[in-house]
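Asker: This is a predicted model, with the sequence first.
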Protein chains: 2
Amino acid sequence: MIGIKRLAKHLNMSISTVSRALNDRPDSSEATRKRVREAATKLGYVPNQSGRNLRSGTTGTIGFMMKTGPEIIGQGHTHFFMNVLDGVQEVLLRHKLDLVALLCASTEDADDYLRRVVSRSVVDGLIISNTRRVDPRISFLADRKVPFVGFGRSTTDVGQPWIDIDFETIAAESINRLVAHGHKRIAISLPHDDINLGHVFHENARNALGSHGLTLDPQYIYRSLPSETGGYEIAQKIVVTKIRPTAIALSNESSVIGLYRGLMEHGILPGRDIAVIGLNSPNSRYLSPTLTGFHLSLHDLGVALGEALLASMPQYADAYPLGIVRKVWPVTLVPGESDALNFIKPKSLIA
Amino acid sequence: MIGIKRLAKHLNMSISTVSRALNDRPDSSEATRKRVREAATKLGYVPNQSGRNLRSGTTGTIGFMMKTGPEIIGQGHTHFFMNVLDGVQEVLLRHKLDLVALLCASTEDADDYLRRVVSRSVVDGLIISNTRRVDPRISFLADRKVPFVGFGRSTTDVGQPWIDIDFETIAAESINRLVAHGHKRIAISLPHDDINLGHVFHENARNALGSHGLTLDPQYIYRSLPSETGGYEIAQKIVVTKIRPTAIALSNESSVIGLYRGLMEHGILPGRDIAVIGLNSPNSRYLSPTLTGFHLSLHDLGVALGEALLASMPQYADAYPLGIVRKVWPVTLVPGESDALNFIKPKSLIA
DNA sequence: TCTAGTATTGGAAACGTTTCCGGAAAACCG
DNA sequence: CGGTTTTCCGGAAACGTTTCCAATACTAGA
């Protein structure tokens, strides 16, 4: 391992000159920059991150916090995160920043873990997802002045930047479309009550129903994990509902797989016996009947998330003069067969 | 942010004494340790990781490398990883080490990324998964003397520790069982040819068939991604096979979901029209007919992986006198309905 | 040619921690 | 009680980098 000292000696320069050249400081000549760069690659010099961190107080890494263990938020969600993170990483790379996933063990409290990570100062900035309705992480990070961006909103508001999927549109358009198709008994799926998006979805679905003179029957609100398994459980619940809903609007992308499976085991075919609107994903691509679902560009969302974070970091703010980014990420409806118009031929099973 | 200096001044001690006390060095008295600890928590002192790193050359973090992006190895695999990582984290926490997932963007070459991570020395040790048949990462890490453990074997052998799932048993027992049930046209699923486990599975399946006087028909080898989608694609391929296999043994835990879906769309019912043996997972729990599959304790595997890594790190070797760990992780078969004994009533569809 | 300004450089301090080393005090032993 | 060992402590150097500051060399203007 060669350090800047030996590199400097080898070049017959002072270490300060070498450092300046390596970092493209304005007060270093192009000639020396070139010489230094060449020698550096020749000798295989790579700056020691710890030394750099110590001096500058930054680490050059951005963290994305997630929990490990069996009861993670939803298995299928991974595709989701992996695409978003890919976009984030793309932006960060441009600034030589690195993205790591901070893995909080299932045995450890998430808030404790965050505290530990922050005080060890292993990252310069953070992305937090699965934002809760009231989220202590937000106030904590604001308090510690750690730059962060929420992937999701929260009622805990410290003026932080966030980007959130447009669940308003998803909920409202789903309902409007289903009502237009003649449905009256419309169900929705919601995540755990803590999660903020559930409230957004709930409220907008209720309002949309209200605008058509309908109400949201509490028995048609199915709470479940946003996973295949969660969707399967919804199907089980639907089957035992006395007066079954004729349509359901889902609030996540994973559960539709399990929902289809569960419904079909009982001879209930989406698009014929029940209308389903959900979110598209690679896994929903092969569903039959094809899914009527909302599409969103996850990679681009990740890019936006990365840019929002950089905009909130003083060092990079001038490259991204965006101010505090608070953006609802657009979705577009892709019609399929699962909510077919020629519905309303209720088979016996719609008791 | 308070440093060790201010802490020392506040205690009227030298910083060396404080440092020793905080690290429970033998040459510090219990009395001072107590005083220091108390003052540290009272003042909210947390050691600066960068300073520590710089001095000691270690970072206190272990990395698990994975790729982000759309074409990741398999979405369902995540549950898999999340449980393994949970076990790893559990072990590491005992030694105040932290686990992070190193996210390699889809646009970046994995080997380049590894090189970058290592030279920036952001981790003290690594776990690499999806080990390939010939894996340059292994020789690179050995060359750089970075402690690591393979989650999976490879023909690239530098004496590194590894832990791998017992695909020998999975392949052989699957075959033996299917043959015992009277099957002769037995198919297997394999991942990309690069991946090492594919070769293990292939070879052992072939040998098991051979021991029964059967051969592995090349047309019954279905290559696919280890994902739901991959399983769905296998079903499509099965359907268009001239003389269809009567049984299939899967080499991953995710594809069975898509396989079931794809088969059932064509009226082919696992356990009646085709026998299926796979790997169990939370998502396979709700399959109907229930899956005959292999179970393995992922969390414990993670623990073993963590211990194997620590055993290979000089600093921790004395706590884990295991030498170089090379272990095939055991699996147990959980019988279900998908390979039911009362099979062999070939419907018309088994052309 | 001299001066003022600019471009580039080297020296040295600083970031926060650990650890080596010498020394002082205490404990032990005969 | 003298000497030897043990226990504990403080001073200072070191890890590798960045950056402030002063100094030098060069350029341009008069």
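Answerer: On my side now, so go ahead.

Asker: quick check, residue A:294 in a helix?
Answerer: No. Membership of residue A:294 in a helix is not supported by DSSP: H, G, I helix; E, B strand; the rest coil, which gives strand.

Asker: Can you get me a residue count around the nearest residue to it once chain neighbours are set aside?
Answerer: The shortest distance from residue A:294 to any residue that is not its chain neighbour, by CB to CB, 6 or more residues apart in numbering or on different chains, is 4.2 Å, and that residue is residue A:331. To be clear about C-beta, it is placed using only N, CA and C from the backbone, and glycine gets the same treatment. With neighbours defined by other CB atoms under 10 Å in any protein chain shown, the count for residue A:331 comes to 20.

Asker: show me the contacts for residue A:331.
Answerer: Taking CB atoms under 8 Å, 6 or more residues apart in numbering or on different chains as the contact definition, residue A:331 lies against A:165-166, A:169-170, A:279, A:294-296.

Asker: The longest helix anywhere in chain A: which residues count as buried?
Answerer: Ordering each helix of chain A by length in residues (DSSP state H) puts helix A:77-94 first. The neighbour-count criterion (16 or more other CB atoms under 10 Å in any protein chain shown) identifies A:77-92 as the buried residues of helix A:77-94.

Asker: Kindly report the same for stretch A:243-250.
Answerer: Using 16+ other CB under 10 Å as the burial criterion, the residues of stretch A:243-250 that qualify are A:244-250.

Asker: Stretch A:174-185 too?
Answerer: Using 16+ other CB under 10 Å, the residues of stretch A:174-185 that count as buried are A:174-175, A:177-179, A:181, A:183, A:185.

Asker: Contact partners for the closest residue in space to residue A:223 that isn't next to it in sequence?
Answerer: Closest residue to residue A:223 apart from its sequence neighbours, by CB to CB, 6+ apart: residue A:190 at 5.4 Å. The neighbours of residue A:190, taking CB under 8 Å, 6+ apart as the test, are A:198, A:201-202, A:221-224, A:251.

Asker: before we move on, what about residue A:204?
Answerer: Shown in contact with residue A:204 (CB under 8 Å, 6+ apart): A:167-168, A:171-172.

Asker: for residue A:89, same thing?
Answerer: Under the criterion of CB under 8 Å, 6+ apart, the contact partners of residue A:89 comprise A:99, A:302, A:306, B:68, B:103, B:105.

Asker: hmm, 7 Å instead?
Answerer: In this structure, residue A:89 makes contact with A:99, B:68, B:103, B:105, judged by CB atoms under 7 Å, 6 or more residues apart in numbering or on different chains.

Asker: Residue A:36 now?
Answerer: Taking CB under 7 Å, 6+ apart as the contact definition, residue A:36 lies against A:11, A:18, A:21-22.

Asker: Close to chain B: what parts of the stretch 151-300 of chain A are there?
Answerer: Neighbours of chain B within the stretch 151-300 of chain A, by CB under 7 Å from any CB of the partner chain: A:228-229, A:232, A:265, A:282-283, A:286, A:288.

Asker: Point out the ones among the residues you listed that are inside helices.
Answerer: A:228-229, A:232, A:265.

Asker: Can you select the buried ones among these for me in ChimeraX?
Answerer: Isolation of the buried members of these (16+ other CB under 10 Å) is achieved in ChimeraX through the command below:
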select /A:228,229,232,265
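
Asker: Pick out whichever of the ones in helices among the residues of the stretch 151-300 of chain A next to chain B sits closest to DNA strand D.
Answerer: Within these, the smallest distance to DNA strand D is 47.1 Å, found for residue A:228 (CB to the nearest atom of the strand).

Asker: Can you verify my assumption that residue A:232 contacts residue A:258?
Answerer: Yes. In terms of CB atoms under 7 Å, residue A:232 counts as a neighbour of residue A:258; the distance is 3.4 Å.

Asker: In the stretch 51-200 of chain A, which residue sits nearest DNA strand C?
Answerer: Using CB to the nearest atom of the strand, residue A:55 is the residue of the stretch 51-200 of chain A that sits closest to DNA strand C, at 3.5 Å.

Asker: So that residue belongs to a helix, correct?
Answerer: Yes. Using three-state DSSP, the assignment for residue A:55 is a helix.

Asker: Burial check on it, number of neighbours?
Answerer: Under the criterion other CB under 10 Å, the count of neighbours that residue A:55 has is 11.

Asker: Check the gap between it and DNA strand D for me.
Answerer: Counting by CB to the nearest atom of the strand, to the nearest Å, the separation of residue A:55 from DNA strand D is 4 Å.

Asker: what's in contact with stretch A:13-22?
Answerer: Stretch A:13-22 has contacts (CB under 7 Å, 6+ apart) with A:4-5, A:7-8, A:11, A:27-28, A:32-33, A:36, A:40.

Asker: now with 10 Å?
Answerer: The set of residues external to stretch A:13-22 that reach it, using CB atoms under 10 Å, 6 or more residues apart in numbering or on different chains, is A:3-11, A:25-37, A:39-40, A:45, A:47, A:52, A:55.

Asker: Can you tell me the closest non-neighbouring residue to the spatially most central residue of chain A?
Answerer: Residue closest to the mean C-alpha point of chain A, counted by CA atoms, centre = their mean, is residue A:151 at 5.2 Å. In space, and not counting its chain neighbours, residue A:151 is closest to residue A:129: 4.1 Å by CB to CB, 6+ apart.

Asker: cool, and residue A:141?
Answerer: Closest residue to residue A:141 in three dimensions, ignoring its sequence neighbours and counting by CB to CB, 6+ apart: residue A:148, at 4.8 Å.

Asker: which ones are touching whichever residue of the stretch 251-351 of chain A sits closest to DNA strand C?
Answerer: When distances are taken as CB to the nearest atom of the strand, the stretch 251-351 of chain A reaches nearest to DNA strand C at residue A:315, 17.1 Å away. Applying CB under 10 Å, 6+ apart, we find residue A:315 in contact with A:56, A:58, A:95, A:97, A:124-125, A:147.

Asker: Buried by neighbour count: which residues of the stretch of helix or strand residue A:304 belongs to qualify?
Answerer: Residue A:304 is part of helix A:298-311, with elements assigned from DSSP states H and E. If you call a residue buried by 16+ other CB under 10 Å, then helix A:298-311 has these buried ones: A:298-299, A:301-311.

Asker: need these in TSV with pLDDT and distance to DNA strand D, can you?
Answerer: Below are these laid out as TSV (pLDDT from 0 to 100; distance: CB to the nearest atom of the strand, whole Å):
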residue	pLDDT	distance to DNA strand D
A:298	93	34
A:299	94	31
A:301	97	32
A:302	96	28
A:303	97	27
A:304	97	29
A:305	97	27
A:306	97	23
A:307	97	23
A:308	97	25
A:309	97	21
A:310	95	18
A:311	95	21
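
Asker: Mind picking the one among those that's closest to chain B?
Answerer: The closest of the buried residues of helix A:298-311 to chain B turns out to be residue A:299 (CB to the nearest CB; 7.8 Å).

Asker: Good, we can wrap up now.
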